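Visitor: coords please:
(chains A and B)
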Amino acid sequence: MTPDEAREMIQAALLTVAPDAELGDVAPDADLREELDLDSIDFQAYAAELSKRSGLPVTEDDQRKLTTLAAGVTFLSRAS
Amino acid sequence: MPSLGADMDEGTVIEWLVKPGDTVARGDVVAVVDTSKAAVDVECFDSGVIEDILVQPGKAVPVGTPLATIGTADGATAKPVPVKPAAPAPAAPSAPAPSPKPRPPVAGPLVRKQAAELGVDLTGVRGTGRGGAITRADVQRAARPRTVTESPPRAKVTPYARRLAKELGVDLAQVVARDGIVRAADVRAVKPVPQAGKPAAPVVDRTATTRQATAKLMARSKREIPHYYLSTTIDMSVALARLAELNRDLPVERRVLPVAPLLRACARAAEKVPQLNGFWNSEGFEPGEVVRLGMAVSLRGGGLIVPVIANATDLGPVEMMDRVRDLVTRARSGRLRGSELTEATITVTNLGDRGVESVFGVIHPPQVALVGVGKVLERPWAVDGLLGVRPVVTVTLSADHRATDGHTGARYLEIVEKLLTTPEEP
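Guide: Residues are numbered from 1 along each chain as shown, chains lettered A, B, ... in the order given. Alright, predicted model coming up:
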């Protein structure tokens, strides 16, 4: 998956939990939970959505690492 | 009009899901009621046949006002429903009931049926439920012209879009939502109409009404309840190790978060200290029959709603997590049932999820205790004379000094700690 495709998938997944998310303003290394005001349940739903869309399993360790846009892109780059 | 939370004085029927002549059973969802905070599915308290709709959609009525009458099968008696004891008899409705549009409860086949009735092609509908599920609201939006001018309580406006609209002077009623949710880009697409000194068209501002409801309840609490506060810090390593074990076999969407064992411990401790589980009324303290655990949920864009976990002491960690996830999701999407908002016997606020170390909450009257759960943090921690790093959480108790003394509150926190640190206890 290209970085652009990954960003698109991340944006779509985030919009399911935070319909008002404005990702244009979020820095790649910023903590999504703080920037978008996500609680742990929102964040779990985001990780689940990303797993569903990409077909990649998300382990607990992966989930802990998915907190930034950049980390999300890196994670998704594992998908073919 | 049932009371859907301690902070509710009146409510507005948004729509009836039944009409005179319909047979209903206790527990059926019969109407959607707008409180100041959310649209709530209201269930019927009795079984029978709907005789009369007494309150028409759009009219705000005080809690306790009969909304409709239900006749028994033989047609002999008519019972007002839903009703509180000793509610005054209602005036006869002045206008004939408009034929209410039946709207089936949220469910795949029924949503499809509704779509068929309204002539909506589901393939063109964007689902807003979690996981993209199509809800009734989605079908109804699709059946209407794509504006939010009708039915403001159901139209979704993102908080950012609302702020932007205010700043730009854009009337939200003029904004065309692309898919039922008004976003900032939709607001920007509208040319603002300057209206010197004139207020904008009436749009239900949920933020303001929610604020008022919370303000009223909290002011009453601090006026009437002499609070005392206790705090303890608990080692979470045992509880988290147990979770890691549980989660290894669970898919990401069902993994158990630390909130579940924390809520379980709070509920089970309340069962063991019944003096903190119940209500303070004119007679004094009235213990709750079971633990109905209120859970403060913050809404996106501000405000709180407190759904209730019934029989919270019976749930295992995975069940508790499923229940919490379901309630939080539906609280935020505005799809709670009336029975899920009433008669909490003790409330937990879990602000730790938002990063604070400890929270000392304000009791929700008529309850007598509120538990505050902070963030799970790694801290230096002494065990058996050795210093190590452990995940710890600060749990606090705000309690009503009329009902209990600090000694009882301390016992409660001790039990919470014991439940979370004992290996057998998840």
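
Visitor: Unless I'm misreading it, residue B:356 sits right up against residue B:372, doesn't it?
Guide: No: no contact is recorded between residue B:356 and residue B:372 when judged using C-beta atoms under 8 Å, the distance being 9.2 Å. For every residue, glycine as well, the C-beta is placed using N, CA and C.

Visitor: More neighbours: those two, which one.
Guide: Relative neighbour count places residue B:372 above the other of residue B:356 and residue B:372, with 24 against 12, counting by other C-beta atoms under 10 Å in any protein chain shown.

Visitor: Run through the residues that contact that one.
Guide: Counting by C-beta atoms under 8 Å, 6 or more residues apart in numbering or on different chains, residue B:372 makes contact with B:348, B:349, B:351, B:358, B:359, B:360, B:361, B:395, B:396, B:397, B:398.

Visitor: how close does residue A:28 get to chain B?
Guide: As for residue A:28, its distance to chain B is 21 Å (criterion: C-beta to the nearest C-beta, to the nearest Å).

Visitor: phi, psi of that residue?
Guide: Dihedral pair for residue A:28: phi -60, psi -30, per degrees, to the nearest 10.

Visitor: Contacts only, for it.
Guide: In this structure, residue A:28 makes contact with A:68, A:69, A:70, A:73, judged by C-beta under 8 Å, 6+ apart.

Visitor: Which element, helix or strand, includes residue 41?
Guide: No chain specified, so I'll use chain A. With the criterion set as DSSP states H and E, the secondary-structure element containing residue A:41 is helix A:40-54.

Visitor: ah, I was thinking of chain B
Guide: Residue B:41 belongs to strand B:39-43 when assigned by DSSP H and E.

Visitor: Mind giving me the packing neighbours of that strand?
Guide: Secondary structure elements in contact with strand B:39-43, counted by 3 or more C-beta pairs under 8 Å, 6 or more residues apart in numbering or on different chains; DSSP states H and E, are strand B:29-34, strand B:336-337.

Visitor: from the chain's centre, how far out does the shortest one sit?
Guide: Read that as strand B:336-337. Going by C-alpha atoms, centre = their mean, to the nearest Å, the spacing between the C-alpha centre of strand B:336-337 and its chain's C-alpha centre is 7 Å.

Visitor: Any idea how far apart the tips of stretch B:51-71 sit?
Guide: 6 Å (C-alpha to C-alpha, to the nearest Å).

Visitor: Stretch B:2-19 too?
Guide: Span of stretch B:2-19 from end to end, C-alpha to C-alpha: 19 Å.

Visitor: Which residues belonging to that stretch are considered buried?
Guide: B:2-8, B:11-18 (16 or more other C-beta atoms under 10 Å in any protein chain shown).

Visitor: Out of those residues, list just those in strands.
Guide: B:11, B:12, B:13, B:14, B:15, B:16 (DSSP state E).

Visitor: can I assume the first one is in contact with residue B:61?
Guide: Read it as residue B:11. Yes: under the criterion of C-beta under 8 Å, residue B:11 makes contact with residue B:61 at 6.9 Å.

Visitor: Name the residues contacting each of the two.
Guide: Counting by C-beta under 8 Å, 6+ apart, the residues touching both residue B:11 and residue B:61 are residue B:1.

Visitor: Would you mind listing what in chain A touches chain B?
Guide: For chain A, the residues in contact with chain B (C-beta under 8 Å from any C-beta of the partner chain) are A:16, A:18-20, A:22, A:34, A:37, A:39-41, A:44-45, A:47-49, A:51-52, A:57-58, A:60, A:63.

Visitor: buried subset of those?
Guide: The buried subset of these (16+ other C-beta under 10 Å) comprises A:16, A:18-20, A:37, A:39-41, A:44-45, A:47-49, A:51-52, A:58, A:63.

Visitor: Any figure for the gap between the residue of chain A found nearest chain B and residue B:225?
Guide: Nearest residue of chain A to chain B, counting by C-beta to the nearest C-beta: residue A:20, 3.2 Å away. Residue A:20 sits 36 Å away from residue B:225 when distances are taken as C-beta to C-beta, to the nearest Å.

Visitor: just residue B:187 next, same as before
Guide: The span separating residue B:187 from residue B:225 equals 42 Å under the rule C-beta to C-beta.

Visitor: And for residue B:294?
Guide: According to C-beta to C-beta, residue B:294 and residue B:225 sit 15 Å apart.

Visitor: Kindly report the same for residue A:11.
Guide: For residue A:11, the distance to residue B:225 (C-beta to C-beta) stands at 46 Å.

Visitor: Residue B:366 too?
Guide: Separation of residue B:366 from residue B:225 (C-beta to C-beta): 9 Å.

Visitor: Same drill for the two, tell me which one is more crowded.
Guide: Per other C-beta under 10 Å, whichever of residue B:366 and residue B:225 has more neighbours is residue B:225, with 23 against 20.

Visitor: I am finished for the moment; much appreciated.
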